[in-house]
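*Asks:* need a structure here:
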Amino acid sequence: MSLGFRVAVGQFKEVTPDDLSFCKQLGVTGITINRPDFEAPSWRTFLGKHYPYGPADFNKSAKWDFMDLLNLRRRIEDFGLKLEAIENVPYHFYDKALIGAEGRDAQIENYCETLRNLGRAGINTLGYHFCPNLVWRTSTARPARGGAGVTAFNYDDARHAPVTHGREIGAAEMWENFEYFITRVLPVAEEAGVRMSLHADDPPVPTLGGVARIMNSLDGFRRAMKIGNSPNHGLTFCVGTWGQMGGETVYEALDEFSRQKRAFYLHMRNIKGSVPDFSECFIDEGDLDVVRILRILKTNGFDGFLIDDHVPQMTADTPWGHRGRAFSTGYLRGLCRGIEEAERAAH
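*Replies:* Below is the predicted model:
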């Protein structure tokens, strides 16, 4: 009995042929790319851009070009893999839209053209966040099991940081900015056949650097999905970030949104603790019940994909974490196989 969902590999900010061979060796069928900068030399090399071709070479950096996106998808498919999603546009594509600054309308129009180009190129899922000051950690290499390096966060250490955007931006203003943005881009996403997949604010605390973090609770996401009410709008469900909210929130939210078919894909990692103080860890330890998470997905007929997320830095590993990702991906694939076999035996 098939679970109906699959394990992929994620968080490539740049990719090489060896990386794609590595993914094939892990036994996955798809990958995600995170915030590609197609003007970077590494991306030009990967896409084989040895000479100018098409608008990509004269239309710079405010949006993604159709030809670059098409070539990215085809290049990955040449290795027998599927491009499951692209996660996040470059921050400068919509930084003004995030805070409601002058120039946001031009950014939103460019964002809409990026959505159209994703659809034209056959890439149907775009992950995004609505968090102007991004992910925070107060420790980026805390020793964990066997001396592996993990990230950690303590709110008491971070809460007195200076403002990051020149002034304080409260929750009411952030909700106004979100509604202004999503109600303009979502109809374009629908027309283009692209799903927009919203990630929770990491860490999910009330405010950091003077900026409110509004995607930090179950009620916040209910509000966001009501404002952006569309089958093309859903969640990048990061179990680590939802787990940081504490208690049963991660399981309650996953059950609710997966039943509604609004959990498009999952980031899989484990944590110890929750806000205001937590650390990441290996996926086979920690406070989150990964088997329970997978069983919720099976019960609710989830048909998307899972990717590894924020893996510990293991001995002699690469910056991207090939060893850590091999461990996490193998563990997830093994759990999925075990659940399949248990279901088959039960029937």
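*Asks:* what's the neighbour count on Cys112?
*Replies:* 19 (other C-beta atoms under 10 Å). From N, CA and C alone the C-beta is placed, and that goes for glycine too.
*Asks:* same question for Trp320.
*Replies:* Close neighbours of Trp320, defined as other C-beta under 10 Å, add up to 15.
*Asks:* hang on, Asp95 packs against Pro132?
*Replies:* Yes: counting by C-beta atoms under 8 Å, Asp95 does reach Pro132; the two are 7.2 Å apart.
*Asks:* give me the more crowded residue out of those two.
*Replies:* The residue with more neighbours, out of Asp95 and Pro132, is Pro132; 26 against 15, by other C-beta under 10 Å.
*Asks:* ok, how many other residues are close to the closest residue to Asn34 other than its chain neighbours?
*Replies:* Nearest-residue entry for Asn34: Glu87, 4.5 Å, with adjacent residues in sequence omitted and distances by C-beta to C-beta, 6 or more residues apart in numbering. Residue neighbour count, defined by other C-beta under 10 Å, stands at 25 for Glu87.
*Asks:* any idea what Glu87 is bridged to?
*Replies:* Asn34, Gly127 (DSSP bridges).
*Asks:* can I assume it is in contact with Phe264?
*Replies:* No: Glu87 lies out of contact with Phe264 (C-beta under 8 Å); the separation is 11.0 Å.
*Asks:* now do the shared contacts for these two.
*Replies:* Ser197, Thr236 (C-beta atoms under 8 Å, 6 or more residues apart in numbering).
*Asks:* helix, strand or coil for Ser61?
*Replies:* coil (DSSP: H, G, I helix; E, B strand; the rest coil).
*Asks:* no, scratch that, I was asking about Lys272
*Replies:* strand.
*Asks:* need the contact list for it.
*Replies:* By C-beta under 8 Å, 6+ apart, the contact list for Lys272 reads Phe278, Ser279, Glu280, Cys281, Glu285, Gly286, Asp287.
*Asks:* in those residues, find the pair that's most separated.
*Replies:* Taking C-beta to C-beta as the measure, the contacts of Lys272 span a maximum distance of 13.4 Å, between Phe278 and Glu285.
*Asks:* okay, those two: which has more neighbours?
*Replies:* Phe278 (23 against 13).
*Asks:* how many neighbouring residues does Arg184 have?
*Replies:* So Arg184, with other C-beta under 10 Å, has 16 neighbours.
*Asks:* looks like it contacts Leu115 (just checking).
*Replies:* No: Arg184 is not in contact with Leu115 according to C-beta under 8 Å; the separation is 10.8 Å.
*Asks:* now the strands: where do they sit in this structure?
*Replies:* In the chain, the strands defined using DSSP state E lie at 6-12, 30-34, 82-87, 125-128, 139-143, 149-154, 195-199, 207-208, 211-212, 233-238, 263-268, 270-274, 277-281, 305-308.
*Asks:* put together CSV for those strands, with mean pLDDT and distance to Leu70 on each row.
*Replies:* As requested, the strands of the chain are exported to CSV (pLDDT from 0 to 100; distance: least, C-beta to C-beta, whole Å):
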stretch, mean pLDDT, distance to Leu70
strand 6-12, 95, 18
strand 30-34, 97, 14
strand 82-87, 98, 11
strand 125-128, 98, 15
strand 139-143, 94, 36
strand 149-154, 98, 35
strand 195-199, 98, 19
strand 207-208, 98, 38
strand 211-212, 98, 36
strand 233-238, 98, 23
strand 263-268, 98, 22
strand 270-274, 98, 37
strand 277-281, 98, 36
strand 305-308, 97, 22
